[in-house]
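Student: have a look at this prediction, sequence included:
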Amino acid sequence: MYLATTCLVVMSFLLNSFCFPLIGIIQNGKDTVSDTNHLVNNSTTHDNFRIEDHQYTSKFNWTSAISANATMAIPTTDALTKQFLSIELDHEWEDLVLDGTAVVNFLGLFMVSASRRDIVLTPRTEYSIQFIQNPKSLHATLSQVASTMQMTFQRAHEDLVRTCLYMDQIPEHIKAALILIKTASNDLLKKLLPYTLRNVDYATSEASTISKPILLRFVQVGKLIDEVVAVLSSTLSGIVSNIDDYYFLSEIEVYAIDVQVKWYLLVELFIKFSDIAELIRKNTKQNFVNPVQQTQNGNGFNIEADRLAHMRTLIPSTITIDQLTHLLQMMAHTYANISNEYMITQVAQVGPLLNLQTTSMRITNHRDLLQKTVVQSVKVARLTMAQRNELTKADMGREKEYKDFLLDAAVAA
């Protein structure tokens, strides 16, 4: 069953990802494009939004992405938060990881196709280039995209490792607070509980803060890719006489759009990271830290029976926070591992693909990249499903752990 499910996931990925022609780099001695419909289909995948003041349109609302968690509705009850968790566990993040992390291979395919010749990128007359550093060279621009991606992947990896550490700390700090409420004398509780709550607050705030610049960096790369696609389109529209140039540009534009679509998926994944981190921060503040502080300030922990009653009200929220932190820790850890193996190093190695000199070299590298993408997708699908199974197993144990904690507290009382 496990292998069959993996195969279904991978087949779905392949059907969605490889609808573009398996290009014959050469046919009858001439460059060719086999399927112009792919360009049309991809160009209408998303609604159009303007990139701030730019004249070109983007297929992603970057401004909305940057401020995503500033306006998100934060569940403040267990029922709403569990509804959020059920949505997250519906495996959307797995699809984003599976599809989005293949972006480096698609950039490689773009470079293989572009290696046939370098061109000057020609924007529309009324447009001022904002992100491309050297529009006189497509090759230089692709090198810029690759180096910017590498820097973004590396920094995201480092920040997500830090996020994982904070996600590990939050449940431990909360458990420490519960143990203090359960066992500490009144004097000791007054001294130690505020310190423990500050640790909880700090870990949740830091995790949320970390997520915002990560997302912003991915958005900035997305704007660069958008501009590459837009300027390629205007360059193509300016060709009226040379059919070979037209076919060449049409083909590389297809690959540019493939990279663009994959990058959108990564941005959506990091929006999800940022949203969950902010959800954890607000939920922990509203449903654990604030109630505990209010109770302590009102001397609500002075009587042992009152302590038990307050713990009963805190446990459901504690379980939910534990679930959320485990979910984000698992997502961040999974992405960090995939990024380290398939993205950071690989994107540093795609540059030489621009220097391919012969048709046979292009065909070989094109085939190798497609095979690498298939192998990668299988490994990623298996990894995400293994993580999902681990999360489900942990959820079952978590309920029992906190019920036993309450039972021990009741017996002690």
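Tutor: Great, that's in hand.
Student: identify the residue spatially nearest to Met330, adjacent ones excluded.
Tutor: Spatial nearest neighbour of Met330, chain neighbours left out: Gln387 (5.2 Å); criterion: C-beta to C-beta, 6 or more residues apart in numbering. (C-beta placed from N, C-alpha, C; glycine too.)
Student: helices and strands around whichever strand or helix holds that neighbour, which ones?
Tutor: Using DSSP states H and E, Gln387 maps to helix 359-412. Applying 3 or more C-beta pairs under 8 Å, 6 or more residues apart in numbering; DSSP states H and E, one finds that helix 359-412 contacts helix 2-17, helix 93-100, helix 103-114, helix 138-183, helix 304-342.
Student: need those helices in TSV with mean pLDDT and distance to Gln286, can you?
Tutor: Converted to TSV, those look like this (pLDDT from 0 to 100; distance: least, C-beta to C-beta, whole Å):
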stretch	mean pLDDT	distance to Gln286
helix 2-17	43	36
helix 93-100	84	24
helix 103-114	95	37
helix 138-183	94	14
helix 304-342	89	9
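Student: pick the most buried one from those.
Tutor: Most buried of those by mean neighbour count (mean count of other C-beta atoms under 10 Å) is helix 103-114; its value is a mean of 25.
Student: any idea how far that helix is from the chain center?
Tutor: The gap between the average C-alpha position of helix 103-114 and the chain average comes to 21 Å, counting by C-alpha atoms, centre = their mean, to the nearest Å.
Student: and if you look at stretch 361-379?
Tutor: Per C-alpha atoms, centre = their mean, the displacement of stretch 361-379 from the mean C-alpha position of its chain is 23 Å.
Student: same check, this time on stretch 194-212
Tutor: In terms of C-alpha atoms, centre = their mean, the centre of stretch 194-212 is found 21 Å from the chain centre.
Student: does Gln130 touch Glu227 like I think?
Tutor: Yes: counting by C-beta atoms under 8 Å, a contact exists between Gln130 and Glu227, whose distance comes to 6.5 Å.
Student: so these two - more neighbours on which side?
Tutor: More neighbours sit around Glu227 than around the other of Gln130 and Glu227, counting by other C-beta atoms under 10 Å; the figures are 23 against 14.
Student: which strands or helices does the one helix or strand Glu251 maps to pack on?
Tutor: Applying DSSP H and E as the criterion places Glu251 in helix 243-284. The criterion is 3+ C-beta pairs under 8 Å, 6+ apart, and the helices and strands that helix 243-284 contacts are helix 37-43, helix 68-71, helix 78-87, helix 93-100, helix 103-114, helix 138-183, helix 186-237, helix 304-342.
Student: tilt between the longest one and helix 103-114?
Tutor: Translated: helix 186-237. 20 degrees (axes from the mean of the first three to the mean of the last three C-alpha atoms, to 10 degrees).
Student: ok now helix 186-237, how far from the chain's centre?
Tutor: Helix 186-237 has its C-alpha centroid displaced from the chain centroid by 11 Å (C-alpha atoms, centre = their mean).
Student: pick out the residue closest to the middle of the chain.
Tutor: In the chain, the C-alpha nearest the mean C-alpha coordinate belongs to Leu269, at 2.7 Å (C-alpha atoms, centre = their mean).
Student: which residues does that residue contact?
Tutor: Trp93, Leu96, Val97, Gly100, Tyr335 (C-beta atoms under 8 Å, 6 or more residues apart in numbering).
Student: so who does the second one touch?
Tutor: Going back to what we said before, that points to Leu96. Neighbour list for Leu96: Leu265, Leu266, Glu268, Leu269, Lys272 [criterion: C-beta under 8 Å, 6+ apart].
Student: how does it look with 6 Å?
Tutor: For Leu96, the contacting residues are Leu265, Glu268, Leu269, taking C-beta atoms under 6 Å, 6 or more residues apart in numbering as the criterion.
Student: and Asn299, its phi and psi?
Tutor: When quoted as degrees, to the nearest 10, the phi and psi of Asn299 stand at phi 60, psi 30.
Student: Asp118 falls within a strand, correct?
Tutor: No: note on Asp118: no strand contains this position according to DSSP: H, G, I helix; E, B strand; the rest coil, which reports coil.
Student: which one is it nearest to, not counting chain neighbours?
Tutor: With C-beta to C-beta, 6+ apart, the residue lying closest to Asp118 is His139, at 4.7 Å.
Student: so Lys136 touches Val120, yeah?
Tutor: Yes: between Lys136 and Val120 a contact is recorded at 5.1 Å, counting by C-beta atoms under 6 Å.
Student: am I right that Ser241 sits in a strand?
Tutor: No: according to three-state DSSP, the state of Ser241 is coil, so it is not within a strand.
Student: buried stuff in stretch 378-385?
Tutor: Residues of stretch 378-385 classed as buried under the neighbour-count rule (16 or more other C-beta atoms under 10 Å) are Val378, Val380, Ala381, Arg382, Leu383, Thr384, Met385.
Student: ok, so of these, who is nearest Pro352?
Tutor: Taking C-beta to C-beta as the measure, Pro352 lies nearest Val380 of those, at 24.9 Å.
Student: quick check, pLDDT for that closest one.
Tutor: Model confidence at Val380, expressed as pLDDT, equals 88.
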